[in-house]
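Peer 1: below is the structure, and that's it, no one-letter string:
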């Protein structure tokens, strides 16, 4: 199925709202001193309904938007989110049919993995953002935040994708 204009506009509205919440509200509610990455969690959740190339595309576009406000090298978040979208879409057929508990735990695991991937990419290009001890804490905070976030965001994602699998480019 091709993603129609209505579904595209709904998806853009959800991502824009989450992006605004991320930059205006979330920094005031830190968990153990770390900020939850809601756009990443939403990319992973949305990618469960897309094929791998479209999951990577959505991750890339959201990552570029997030890169505009982060103080990291431009493109680092876009690369991480696109890899997260691709990887999530690759396992989507095993997860999207399951109940909300399995979906929440899968989103938590994949979001924590993407967080570790972000730090790994930073280390690969010579940037040391987090120590190994902090990386575990950040990944744990992301995973813990992903579970209730998935439960809250799943109805919105189902509103965008009423069918199980949607392909953007037909």
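Peer 2: That came through, no problem. Quick caveat: nothing in here was measured; it's all calculated off a predicted structure.
Peer 1: contacts, neighbours, all on C-alpha from now
Peer 2: OK.
Peer 1: name the residues of the helix or strand where residue 155 lies that are buried.
Peer 2: Counting by DSSP states H and E, the element that carries residue 155 is helix 132-160. Using 16 or more other CA atoms under 10 Å as the test for burial, helix 132-160 gives 135, 137-147, 149-150, 153-154, 156-157, 160.
Peer 1: ok, the residue nearest the centre of the chain - contacts?
Peer 2: What sits nearest the mean C-alpha location of the chain, by CA atoms, centre = their mean, is residue 40, with 2.4 Å. Listed by CA atoms under 8 Å, 6 or more residues apart in numbering, the contact set of residue 40 reads 81, 111.
Peer 1: picking up where we left off before, helices and strands around the helix holding residue 155, which ones?
Peer 2: With contacts defined as 3 or more CA pairs under 8 Å, 6 or more residues apart in numbering; DSSP states H and E, the packing partners of helix 132-160 are helix 5-24, helix 38-47, helix 100-124.
Peer 1: need the winner for burial among those.
Peer 2: helix 38-47 (a mean of 27; mean count of other CA atoms under 10 Å).
Peer 1: check the burial of the closest residue to residue 106 other than its chain neighbours by counting its neighbours.
Peer 2: Once flanking residues are discounted, residue 106 sits nearest to residue 95: 7.5 Å by CA to CA, 6 or more residues apart in numbering. Neighbours of residue 95 under the rule other CA atoms under 10 Å: 18.
Peer 1: before we move on, what about residue 29?
Peer 2: 11.
Peer 1: skipping its backbone neighbours, what lies nearest it in space?
Peer 2: Using CA to CA, 6+ apart and skipping the chain neighbours, the partner closest in space to residue 29 is residue 35 (7.3 Å).
Peer 1: what would the helices and strands packed on helix 132-160 look like in TSV with distance to residue 88?
Peer 2: Below are those laid out as TSV (distance: least, CA to CA, whole Å):
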stretch	distance to residue 88
helix 5-24	17
helix 38-47	6
helix 100-124	7
